[in-house]
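Participant: below are the sequence and a predicted model for it; my questions follow.
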Amino acid sequence: MQSNPIKCNGFSVIEMMVVMAILIILAMIAIPSSLGRILKEQVAATVPWADAAKEPIASNWKNNKTFPADNAAAGLPSADKMVSNYVSSLVVEGGAIHMTLGNKIHPKLQGKVLSIRPAVIEESTVVPVTWVCGHAKGPTPMVVKGQDKTTIPDEYLPQSCR
């Protein structure tokens, strides 16, 4: 009588370990790229928050041909009262808007600043104020006012802020 060897169908432990190693490597590649996308989206979500300060600043330029020195001159609450999910304070300084990121924003961006500055044609108050985000340059022949205090790394800034 001849014995038949038992044949098992399935995966060996080594094959399973190889598959797991490949999945781990793919996950390690995917996680940093998705984190960068999340950080960009969070920074982009803060930009509309500056709209609360844009109107009084532009109005001041149109009426007085000057920019408000601070939140009070712009008719806004103090910086610590101008908050949102991703912004812990909003400061107006010489017409420029500086938003400090905080609250529910990713820890990598906590305390970073995004500046939005007015650009104007100095000889004409009829031309509306254009807003320049972050490190971006203003349109020619406009002059950008205020200091750029943006501390967010360029890789996380929206394209319009670079």
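Facilitator: All right, it came through fine.

Participant: so what's the spatially most central residue of the chain closest to, chain neighbours aside?
Facilitator: Nearest to the mean C-alpha position of the chain, counting by Cα atoms, centre = their mean, stands residue 43 at 1.9 Å. Ranked by Cβ to Cβ, 6 or more residues apart in numbering and with sequence neighbours excluded, the top spatial neighbour of residue 43 is residue 156, at 5.3 Å. C-beta coordinates here come from the backbone N, C-alpha and C atoms, glycine included.

Participant: any idea how far the one you found lies from residue 48?
Facilitator: Applying Cβ to Cβ, to the nearest Å, the value for residue 156 to residue 48 is 17 Å.

Participant: which one of those two has more residues nearby?
Facilitator: Regarding residue 156 and residue 48, a neighbour count based on other Cβ atoms under 10 Å identifies residue 156 as having more, with 22 against 10.

Participant: the more buried one: what's it in contact with?
Facilitator: Contacts of residue 156 were listed using Cβ atoms under 8 Å, 6 or more residues apart in numbering, and they are 36, 39-40, 43, 109.

Participant: need those in CSV (columns: secondary structure, distance to residue 81 and pLDDT).
Facilitator: Formatted as CSV, the contacts of residue 156 follow (DSSP: H, G, I helix; E, B strand; the rest coil; distance: Cβ to Cβ, whole Å; pLDDT from 0 to 100):
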residue, secondary structure, distance to residue 81, pLDDT
36, helix, 32, 89
39, helix, 26, 95
40, helix, 27, 95
43, helix, 22, 97
109, helix, 21, 97
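
Participant: from these, pick the one nearest residue 142.
Facilitator: Using Cβ to Cβ, residue 43 comes nearest to residue 142 of those, at 24.0 Å.

Participant: surely the closest one touches residue 159?
Facilitator: No: assessed by Cβ atoms under 8 Å, residue 43 is found out of contact with residue 159, at 11.2 Å.

Participant: before we move on, what SS does residue 148 have?
Facilitator: Secondary structure, DSSP: H, G, I helix; E, B strand; the rest coil: residue 148 is coil.

Participant: now for it, how many residues are close by?
Facilitator: Applying other Cβ under 10 Å, we find 18 residues neighbouring residue 148.

Participant: and it, how close does it get to residue 110?
Facilitator: Distance of residue 148 to residue 110, computed by Cβ to Cβ: 20 Å.

Participant: who's in contact with the helix or strand residue 57 falls within?
Facilitator: With elements taken from DSSP states H and E, the one containing residue 57 is helix 51-64. For helix 51-64, the surrounding residues in contact (Cβ under 8 Å, 6+ apart) are 66-68, 71, 73-76, 82, 90, 92, 95, 97, 116, 118, 120, 125, 128-129, 131.
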